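# Sharing a model that was predicted from the sequence below.
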Amino acid sequence: MKRQISRRVISLLTTLVMLFGMWGTVLAQDDPEVPSKPQEPIEQLVIGLYNGILAREGSPEEIAFWCGAAKKGDFNGVQLVVTFLTGEEFSKRNLGDADFIRALYSGALGRQATEGEVNYWDGVIGNGASRSFVISGILNSKEFGNICASCGIEQGTHASSQLGDKYPKISAFIARLYSHCLDRRYERAGLNYWLGELLNKNKGGLEVAACFFDSDEFKARKMIDEEFVTICYRTLLDREPDIDGLMFWVGKLRRSEMSRLQVMEQFCVLPEFRALCDSFGIFYSMTYVRNMYPEACAILDQVGWDIRKAYNWSVGITYVRSSLNQDYGTRYLAHLGFSTRKGNCYVYAATFYEMTQALGYDSHQIVGYVKNRNGGLSPHSWVEIDMEGTTYVFDPEFEQTKPGRDGWKFHYGKSGTWMYADYYRFN
């Protein structure tokens, strides 16, 4: 009997404890004196930076510090995010490009990046852009600007200082060599090296491509002939091989009529490769250019490889009346101008023509006539360049002999220029 009473007492006490526990929880939840404090937008941003970029919870002291600094104006939104991204703690995470993009979206924008967004930015990096370029794209966006506005802080701006981001087309040319030839993504130091070679005019597209095809890493891939020729088509002509072309070059290799490097060089002399180089804004071959236009290249090395600087050099030629005309040929006329910096309109035009050819422009020396003060026609020579979908006139001798007049990049018939007549392309 006593045992039954004890059991009942214990059961009752247990029930009471459970009820009081539940009641205490209800009181704690409903107590109007201890409401849950909502997070401020700036606090949400800072917490998101810790979670998304550093992959950890920030301590109350850390969060309070960054919130306070932002509110005081010590950091704008861009500076705040970049500080997290450039710190040693984030660097130690050693994220790949795709995970870096996800971390940036999560930390800065407070949301998960879609797979389409990840693939887009990963493709941008794959084409030679740096992570700094991606940071600029995200932090300069309207979406991040709205977040900063809600936090009551300035957005700020971010600009990449990476060399490759200043020359995206040339970087993309190099990146595709890594991808097609070496079957991997570039490393930043390697991309910057080849970028320097192209920008400094030490090499052209042909010479850089040859270095990749002749590299130990490329040779170590141990491809069969069909694979090698296919890579030539994809890398140098930007297309898949046709069956006849594939068999032609494979036959050359199997009969030992040509080496692989010689086959590659034959691809590089095709118009398709020249057009490919043009599309990426690089010179087809500095070896070719320097052999073809040595004097023009020497002047460009002095003044800079820029069309305006080349034009200004030609304008600076001292005008001399002479009987020189197109019959002497562009090469002789240009040589005379480069060596003496004196001559008539044919010399002016020839020097500028050769420099624009070395620069890779679709230029032509023009011969014809201009109307003179007596109403007659005087023989004259100038340069046309097909660019930007139209034809422009460049007349350095006109600018030199007519002070105050402008002979730079104009259309025929422009007010204040000569009236050109009976002209044709000499080359």
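Right, received. Where do you want to start? Residues are numbered from 1 along each chain as shown.

# Distance of the residue nearest to residue 394 when sequence neighbours are not counted relative to residue 346?
Excluding the flanking residues, the one nearest residue 394 by C-beta to C-beta, 6 or more residues apart in numbering is residue 383, at 4.5 Å. (Glycine included, C-beta is placed from N, CA and C.) Distance, residue 383 to residue 346, using C-beta to C-beta, to the nearest Å: 11 Å.

# swap in residue 329?
10 Å.

# What of residue 306?
For residue 306, the distance to residue 346 - C-beta to C-beta - is 24 Å.

# When the two are compared, which one has more neighbours?
residue 346 (29 against 12; other C-beta atoms under 10 Å).

# Let me know the pLDDT of that one.
Looking at residue 346, its pLDDT reads 97.

# I'd guessed it sits against residue 324; true?
Yes - with contact taken as C-beta atoms under 8 Å, residue 346 and residue 324 are classed as touching, separated by 5.2 Å.

# The residue nearest to residue 394: how many residues sit nearby?
Neighbours of residue 383 using other C-beta under 10 Å come to 27.

# looking at this, it is in a helix?
No - judged by DSSP: H, G, I helix; E, B strand; the rest coil, residue 383 forms no part of a helix; its state is strand.

# what's near enough to touch it?
Counting by C-beta atoms under 8 Å, 6 or more residues apart in numbering, residue 383 makes contact with 349, 352-353, 356, 363-366, 393-396.

# Now for the residues you listed: which two are most distant?
Taking C-beta to C-beta as the measure, the contacts of residue 383 span a maximum distance of 14.7 Å, between 364 and 396.

# so where do the strands sit in the stretch 251-400 of the chain?
Taking DSSP state E, counting those that start in this stretch as the test, the strands found in the stretch 251-400 of the chain are 318-319, 342-343, 362-371, 377-387, 390-394.

# of those strands, which approaches residue 69 most closely?
Among the strands of the stretch 251-400 of the chain, strand 377-387 sits nearest to residue 69 (C-beta to C-beta), with 50.5 Å.

# For the closest one, buried residues please.
Buried residues in strand 377-387, counting neighbours by 16 or more other C-beta atoms under 10 Å, are found at 380-385.

# Tell me the one of those residues nearest residue 107?
Nearest to residue 107 among the buried residues of strand 377-387, with distances taken as C-beta to C-beta, is residue 385, at 48.4 Å.

# who's the closest one bridged to?
residue 363, residue 392 (DSSP bridges).

# Pipe the contacts of residue 383 into CSV and attach neighbour count and distance to residue 133 per row.
Shown next, in CSV, are these (neighbours: other C-beta atoms under 10 Å; distance: C-beta to C-beta, whole Å):
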residue, neighbour count, distance to residue 133
349, 32, 41
352, 30, 36
353, 30, 37
356, 24, 31
363, 25, 33
364, 19, 38
365, 23, 41
366, 22, 42
393, 22, 38
394, 27, 35
395, 32, 40
396, 25, 38
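
# now those residues in TSV, with distance to residue 219 and pLDDT?
TSV is the format used below for these (distance: C-beta to C-beta, whole Å; pLDDT from 0 to 100):
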residue	distance to residue 219	pLDDT
349	47	97
352	44	98
353	42	97
356	38	95
363	39	95
364	43	96
365	44	97
366	48	97
393	50	97
394	46	98
395	52	98
396	49	98
